[in-house]
Each structure stands twice: as structure tokens, then as C-alpha cells.
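Participant: 3D model of this:
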Amino acid sequence: MNFTDDTEETLRAAVWLVNSAEDPDTLETLADYDAFFANFPYSGRLDRDEAELDALRTLRPRLRTMLLAPRDEMAEHVNAALAEAHLAPRLVRHDGVDWHLHAVADERPLPERVLIETAMALIDVIRADEGSRISICADETCEALALDLSRNRSKRFCSTTCTNRNAVAAYRARRASA
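Facilitator: Model prediction:
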């Protein structure tokens, strides 16, 4: 399944935010916040202050619940988020990104825009019945989310760190049994 570029980017951003809550927390300071924006530039209003940082941090558990929910529950979470928002849908093209949908006005608070953009991306996930592409990392010691956007559905780990740790463990297990 190929999602549109904006859906994939939104899913990546939401998974990054959720995973930033894992130990060690990687969204504690304004410098961490700036690093998030370096990877996931959001257009529109950016206050870039402690209040906005705290609001993003507070949003992470809700995003995790939405992203990991079974399909019918995911739809309920999406509908709840959309019902809470001040929706103002419009097609936009900016910053080298082709036409895509913005569901809320650019001047709305960033956490609201992140929540609604995530909900809009999850609409694509729900409609395509592709919720299995978002899972908990296959590393037994990790609770981070893994987002599999590969064609062959082969991504099981949240990061190269977890992938490498498990590859080394499997190698050592094979060597020990040989």
C-alpha cells in the first residue's frame, strides 16, 4: 500500500512524537523541540515556547492510543478528534509540497494541528485497512512504535538500534547452537 506523501510524513511525525516519550525522553527541551521541527517542518503558527512544548508532550499518549487502536476503535478516536477541532478544510500547496489537505487553519495551536493531521492520516490507514503497519517494536525490551511503510511489510523494529541489537542476538544464538 502506498500512502500519499503527506500521509506518510504525518504518520512519521506522529510516531516520532510518541516514541519521544520512551526512556530517555527526547522531547524535554526547546532544543529537542527544534530538532523535531528540523525533521518534521509544520507550516502555520509556531509559538516555539515552553507552553507549546508542554502541550505537544501532553499529546503523546493520545497519539499513541490512536495509532495503536484496532481499526474500529481507531475510527472512534479519529471521529472524536475531528469533532473537537475547529475544522477549516482547504487544499494548499506550499514549501515545495504539492497539493494536500489542511483540515484546520494555520493559526490554530500546533498541538491541535498535529492531532488533526494525524487523524486525517489515520483516515487513509482506516480506509485502506492498513492498521497493521503501525505496531509496537518487536524488540522485547522496547515499547516504542514501529511504522512499516515498506512494500513487503518487513519492518518490525522501531529503529536501527533495536534492529541491530536483535540481529546480533540472533547471530550469537546461532553461533552458540552450532
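Participant: can you pull out the helices in the protein?
Facilitator: Counting by DSSP state H, residue ranges of the helices within the chain are 5-19, 30-39, 50-68, 71-84, 110-127, 160-177.
Participant: What's the local residue count around Glu112?
Facilitator: 18 (other C-beta atoms under 10 Å). For every residue, glycine as well, the C-beta is placed using N, CA and C.
Participant: who's in contact with stretch 115-126?
Facilitator: Under the contact criterion C-beta atoms under 8 Å, 6 or more residues apart in numbering, stretch 115-126 has outside partners 3-4, 6-7, 10-11, 13-14, 59, 62-63, 66-67, 71, 74-75, 77-78, 81-82, 85, 87, 101, 103-104, 130-131, 133-134.
Participant: likewise stretch 60-70?
Facilitator: Stretch 60-70 has contacts (C-beta under 8 Å, 6+ apart) with 11, 14-15, 17-18, 20-21, 27, 74, 76-78, 81, 114-115, 118-119, 122, 131, 134-136, 145.
Participant: gap between the worst-scoring helix or strand of the chain on mean pLDDT and the chain center?
Facilitator: Least confident element among the helices and strands of the chain, by mean pLDDT, DSSP states H and E: helix 160-177 (a mean of 86). Its chain's C-alpha centre and that of helix 160-177 lie 27 Å apart, by C-alpha atoms, centre = their mean, to the nearest Å.
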